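Asks: What follows is a predicted structure for the sequence shown.
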Amino acid sequence: MKTPIVICGTGIVGLATALALARQGQQVTLVGPRQTFAPVTPEAFHPRVYAISPASQQFLTSIGVWNLLEAQRLTAVQAMEIHGDGAGRVNLNAWQAAIPELAWIVESGELERVLTQAVQIFGLNWVTEKFSHYTRSDAEVCMTTEQGTVLQAELLIAADGAQSPLRAAAGLPVEIKPYGVTAIVAHLNCSQPHQGTAFQWFNDQGVLALLPMPATQAGAQVSLVWSLKETFAQALLALPASEQATELSARLAELTSGRLGELTPRGPLSAFPLSLNQSPMIGERLALVGDAAHRLHPLAGQGLNLGLGDVQALVSTLVEREAFRGVGDPMVLRRYRRARAEPVLAMRMVTDGLHRLFDAQNAPAAWLRNIGMTLVDRLPMLKRQLIVSASR
């Protein structure tokens, strides 16, 4: 089978890439399993959620999927409270930058559902098989699936996650720096309303984030993303389920000083290790997007937004190329890499820098970070700039 562009990976970033290219008149083939989705129930929520920035929301609107999301399952973030490990604190509000909201909290499963629907409605060619291996020549690349389907293309796009089998098969190097931190994820009932506010606490155990979610029959709800040092995380995860819930509630009550009242888990905990991943972004007739290209610490909640930024830049670069250049032309791919160099580096420096700053436990570092937060909170123009930068 011959096709100009093959996209390997059928998660959020892969589906968004396929849909965005197709809407620009590009012929694409999507490779990877197709998920089936159970009917949505009001009290059941996907365990993983994302904070979608205004820029990402506009992009999802432009490819026709944002309005497919059920409004009652979306939560607008109107404000953020960021607490240091001392007296430092920063409060950010959407009105400070004259925007309607700072972000939207959206379930991963809901994004995948509407993107899958849109791709199927659009009639894109979808090979529901897993990648096996590939070869390349000067003129094209040839991908083979585990079932033996062969696809010849001018360009392959790796959107197949942090472990990226396609990236590995291409021999592209990836620098992986483990943080020694595990992210604990769960949804929690809270006895006090969150009022559309996202919360974050820095402490010597890690970074605790509580994201506003739609209310349930039990009342207000938040999503927990707790980036815990491995020793603390493993001790918590090793407890029996009943003890785990009790221990989690007690520790959260202490860390949050009861800011949202009593916090109780709505289901089992999920966990995954964190690392800083960096890749060259491109290879011969190969472009990487999303986690296949880079992976960051989640403390800024910008991982998916950065991946959707990759998609927008790649689509723009491919569509705007000169007529005499093919989609796999090295010059075209280098333009894509240049377009993403600054945003990726800037976000990597912010997230990694904050992790290092709050990981340091010496007294001067503690004083510096908390004084810094206090100063930021007193400078409206700087707060406005922070909000504008995060919304891109």
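Replies: Arrived safely.
Asks: Pretty sure residue 228 sits in a helix.
Replies: No: assessed by DSSP: H, G, I helix; E, B strand; the rest coil, residue 228 does not belong to a helix; its assignment is strand.
Asks: That one: how many residues sit nearby?
Replies: For residue 228, the count of nearby residues is 22 (other Cβ atoms under 10 Å). C-beta coordinates here come from the backbone N, C-alpha and C atoms, glycine included.
Asks: separation between the closest residue to it other than its chain neighbours and residue 116?
Replies: On the basis of Cβ to Cβ, 6 or more residues apart in numbering, the spatially nearest residue to residue 228 that is not a chain neighbour turns out to be residue 206, at 4.3 Å. Here residue 206 is placed at a distance of 34 Å from residue 116 (Cβ to Cβ, to the nearest Å).
Asks: The two - which one has more neighbours?
Replies: Just comparing residue 206 and residue 116: by other Cβ under 10 Å the higher neighbour count belongs to residue 206, 25 against 20.
Asks: circling back: report the beta-bridge partners for the residue nearest to residue 228.
Replies: For residue 206, the beta-bridge assignment (DSSP bridges) gives partners residue 203, residue 228.
Asks: Just list what the longest strand seen in the chain packs against, helices and strands only.
Replies: The strand of greatest length in the chain, counted in residues with DSSP state E as the criterion, is given as strand 175-190. Using 3 or more Cβ pairs under 8 Å, 6 or more residues apart in numbering; DSSP states H and E as the contact test, the elements touching strand 175-190 are strand 206-216, strand 219-229, helix 230-237, strand 263-265, strand 270-278.
Asks: Now render those as TSV, adding distance to residue 42 and mean pLDDT.
Replies: Shown next, in TSV, are the helices and strands packed on strand 175-190 (distance: least, Cβ to Cβ, whole Å; pLDDT from 0 to 100):
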stretch	distance to residue 42	mean pLDDT
strand 206-216	8	94
strand 219-229	12	95
helix 230-237	29	93
strand 263-265	19	96
strand 270-278	21	92
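Asks: Switch those over to CSV, and while doing so, append distance to residue 156 to every line.
Replies: Compiled in CSV, the helices and strands packed on strand 175-190 are given as follows (distance: least, Cβ to Cβ, whole Å):
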stretch, distance to residue 156
strand 206-216, 35
strand 219-229, 32
helix 230-237, 35
strand 263-265, 41
strand 270-278, 19
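Asks: So which of the ones you listed is nearest residue 173?
Replies: Ranking the helices and strands packed on strand 175-190 by proximity to residue 173 (Cβ to Cβ) places strand 270-278 first, at 9.1 Å.
Asks: Which positions in that closest one come out as buried?
Replies: Within strand 270-278, the residues that qualify as buried by neighbour count (16 or more other Cβ atoms under 10 Å) are 274-278.
Asks: Tabulate these in JSON lines, adding columns for distance to residue 175.
Replies: Shown next, in JSON lines, are the buried residues of strand 270-278 (distance: Cβ to Cβ, whole Å):
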{"residue": "274", "distance to residue 175": "15"}
{"residue": "275", "distance to residue 175": "10"}
{"residue": "276", "distance to residue 175": "8"}
{"residue": "277", "distance to residue 175": "7"}
{"residue": "278", "distance to residue 175": "5"}
